[in-house]
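Chemist: Sequence plus predicted model, see below.
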Amino acid sequence: MTDRRPEFQGEQFEKGLQIRREVLGDAYVDRSIAAADDVSAPLQKLLTEWCWGEIWSRPGLERRMRSVLNLGMLMALNRSDEFKLHVRGALNNGVTREEIVEIILQGAIYCGAPASLDALRSAKAVFAEIDAATTQVSQR
C-alpha cells in the first residue's frame, strides 16, 4: 500500500519507503502512511525521505549497525515506543535477541538503571509478541 497523495510521491520518498518497509515491515509502514493526515503528513514525508531515504541508504554503515546504534540512542532517550519498533527492525536486520540484551546491559552503565529497565521491558514485550505470533502460525 502506498498513499498516492502528492506529498507521498517522488524518487527520494520511494527510496525511503522501500528501506523503511524492509526494516520495519509493511504492516507498520502501511498503518503509518494510512494514518497520516494534514497535520502529520509533512512529518511522515520528512522522515521517509530523509531518515530512511537519505541516512539509512548511506553506504558507511550496514543496516545491522544502524539498528544497534538506534537501540542505544532510543534507550538513552527513554523512547519506549520507538525502542520497541526498532527492536523489531534490529531483528529484521540480523541483530539477535542475545545481542539486544547485551545492548541493554551496556546501556545500563551509560544510561542508567531506569532507562535499561524500561528498555528491557520493551524488548521482552516485543519478543513475547513475536513468539505468540509464531506460535499461532505454527498451530494452524
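Modeler: Done, it's in. Residues are numbered from 1 along each chain as shown.

Chemist: Okay, helices next: where are they in the chain?
Modeler: For the chain, the helices defined by DSSP state H cover 11-24, 26-35, 41-46, 63-77, 80-92, 97-111, 113-138.

Chemist: Skip the chain neighbours and tell me the closest residue to the residue nearest the centre of the chain.
Modeler: The chain has His86 as the residue nearest its centroid, 3.1 Å off, counting by CA atoms, centre = their mean. Nearest residue to His86 in three dimensions, chain neighbours excluded: Asn70, at 4.7 Å (CB to CB, 6 or more residues apart in numbering). Backbone N, C-alpha and C define where each C-beta goes, glycine included.

Chemist: Kindly confirm whether my reading is correct that the one you found touches Ala90.
Modeler: Yes. With contacts defined as CB atoms under 8 Å, Asn70 counts as touching Ala90 at a distance of 7.4 Å.
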